[in-house]
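Asker: Sequence plus predicted model, see below.
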Amino acid sequence: MTYSIEYFHVKVQATVEAWPVDVVADYARIVELLIEHGPNLRLPHSRAFGGGLFELRPRGKSGIGRAFY
């Protein structure tokens, strides 16, 4: 089964797309895994915060991005 990604608001997607290119590239790789595996994705790609909230932390030489789902 494959999953889909829907952004809460267009501003959220625009913010993610404005990250540095290397961080966006890692984010795209992690999102592909998330689409394939769904919410079962775990460390090092995703971390649970509890209450159904999870975090993606894409990384690059320029820093780290944080996206919650």
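Answerer: Cool, the structure landed.

Asker: CA only for contacts and neighbour counts going forward, please
Answerer: Will do.

Asker: For residue 20, list the residues it contacts.
Answerer: residue 62 (Cα atoms under 8 Å, 6 or more residues apart in numbering).

Asker: And it, how close does it get to residue 50?
Answerer: 29 Å (Cα to Cα, to the nearest Å).

Asker: just residue 34 next, same as before
Answerer: 18 Å.

Asker: Point out where the protein drops to low pLDDT.
Answerer: In the prediction, the chain carries no residues with pLDDT under 70.

Asker: Helices along that one, start to end?
Answerer: For the chain, the helices defined by DSSP state H cover 10-17, 21-37.

Asker: Redo these as a markdown table? Include distance to residue 44.
Answerer: Shown next, in a markdown table, are the helices of the chain (distance: least, Cα to Cα, whole Å):
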| stretch | distance to residue 44 |
| --- | --- |
| helix 10-17 | 19 |
| helix 21-37 | 10 |
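
Asker: Give me the more crowded residue out of residue 34 and residue 50.
Answerer: residue 34 (21 against 7; other Cα atoms under 10 Å).

Asker: Double-check the more buried one against residue 1; I have them as touching.
Answerer: No - assessed by Cα atoms under 8 Å, residue 34 is found out of contact with residue 1, at 11.4 Å.

Asker: which residues touch the most centrally placed residue in the chain?
Answerer: Taking Cα atoms, centre = their mean as the criterion, residue 56 is the residue nearest the geometric centre of the chain, at 4.1 Å. Counting by Cα under 8 Å, 6+ apart, residue 56 touches 27, 30, 45-47, 65-69.
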